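[1] only the shape, not the letters, is given here:
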């Protein structure tokens, strides 16, 4: 009989669920779903999950519970990240969510989050023996990891996620140059350790984990590479010229105009401008030569860790 499990990522912007099974040397993803809950929307000033966001979160948990029942999954791991680390009413939300879904929500630190992201990314991207800068832009936090295929050299989590930065800088639609420059100045000062570590480890490649990088990849595929079938790829090398054109299209478009950009999911629209400003600033600041989008991040990292811990097979020997 195959093992079956589910991973739930209770994120600040999006809730994710991944249901999979494995046996011997094979694993299979049975189902996955992402729901744009926006749990952190408006939460950062007062450090409170707002009533409407709270309701959206509980509704998503109810939907996940239904999916777990449909697949008869009893082995479930649930992880909470930035907004549940910081909101004053997080314990109330967690208690209600746990009573509905019947499993414990583990609120993890930013470092634990980075470690799981790394496990997911290295299963999707051939890092080899060259250190790469891995970046995961969440709604509440951003994780940076410098690593190769064998080990992590450095990692850090910053509470500067896209939802937080929108509250600070996105007052105009589209963002004006003054706001963009203010955001870039903030990044320059906030990420001084990233700049130093990138120089130390001779970073040339940025690897983006899911989220906003998936959106960039999707836009590139739909706008420039629509004749290529990409469903079976778990990572995608982003053409830097295409990225620049996408960046300029995004930052000059209103939220309404962004609804018509090919390959951009509607639930990513609100945060995509801030996210792309961050990505582009880092790319230029470090003079990076390559950008890769990874389809795998935290939840896949947990999946591979579970498979490895079962002592049946190591992640790098699995076949999908």
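    Cool, the structure landed. These numbers were taken from a predicted model, which means no experiment stands behind them. Numbers count the residues shown, from 1 in each chain.

[2] just for the chain, where's the confidence low?
    Scanning the chain for pLDDT under 70 picks out 24-25, 229-232, 311-320.

[3] let's see that with 90 instead.
    For the chain, the stretches flagged by pLDDT under 90 are 1-2, 23-26, 42-46, 167-172, 210-211, 225-233, 308-320.

[4] any idea which element residue 45 lies in?
    In the assignment (DSSP states H and E), residue 45 maps to no helix and no strand.

[5] again with residue 303
    Judged by DSSP H and E, residue 303 forms part of helix 298-309.

[6] outside of that helix, which residues touch it?
    5, 7-9, 16-18, 20, 22, 27, 32, 77, 79, 81, 113, 115-121, 123-124, 136, 209, 313-315, 318 (C-beta atoms under 8 Å, 6 or more residues apart in numbering). Glycine gets a C-beta too; all of them are placed from N, C-alpha and C.

[7] with stretch 247-260 instead?
    173-175, 180, 261, 264, 266, 269-270, 272-273, 276-277, 279-280.

[8] end-to-end on that stretch?
    The first and final residues of stretch 247-260 sit 15 Å from each other (C-alpha to C-alpha, to the nearest Å).

[9] give the buried residues for that stretch.
    Judged by neighbour count (16 or more other C-beta atoms under 10 Å), stretch 247-260 contains these buried residues: 247, 249, 250, 251, 253, 258.

[10] which two of the contacts of stretch 247-260 have the greatest separation?
    Using C-beta to C-beta, the contacts of stretch 247-260 span at most 23.1 Å, a distance reached by 180 and 266.

[11] look at those two and report which has more neighbours.
    residue 180 (20 against 9; other C-beta atoms under 10 Å).

[12] thought residue 278 was touching that one, still the case?
    No. Using C-beta atoms under 8 Å, residue 180 makes no contact with residue 278, being 10.8 Å away.

[13] now intersect the contacts of helix 298-309 with the helices, please.
    Among the contacts of helix 298-309, the members falling in helices (DSSP state H) are 113, 115, 116, 117, 118, 119, 120, 121.

[14] would you format those as TSV with distance to residue 291 and neighbour count included?
    Compiled in TSV, the ones in helices among the contacts of helix 298-309 are given as follows (distance: C-beta to C-beta, whole Å; neighbours: other C-beta atoms under 10 Å):
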residue	distance to residue 291	neighbour count
113	22	26
115	23	19
116	22	25
117	17	30
118	18	25
119	21	20
120	18	27
121	13	30
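
[15] tell me the one among those residues nearest to residue 288.
    Nearest to residue 288 among the ones in helices among the contacts of helix 298-309, counting by C-beta to C-beta, is residue 121 at 16.2 Å.
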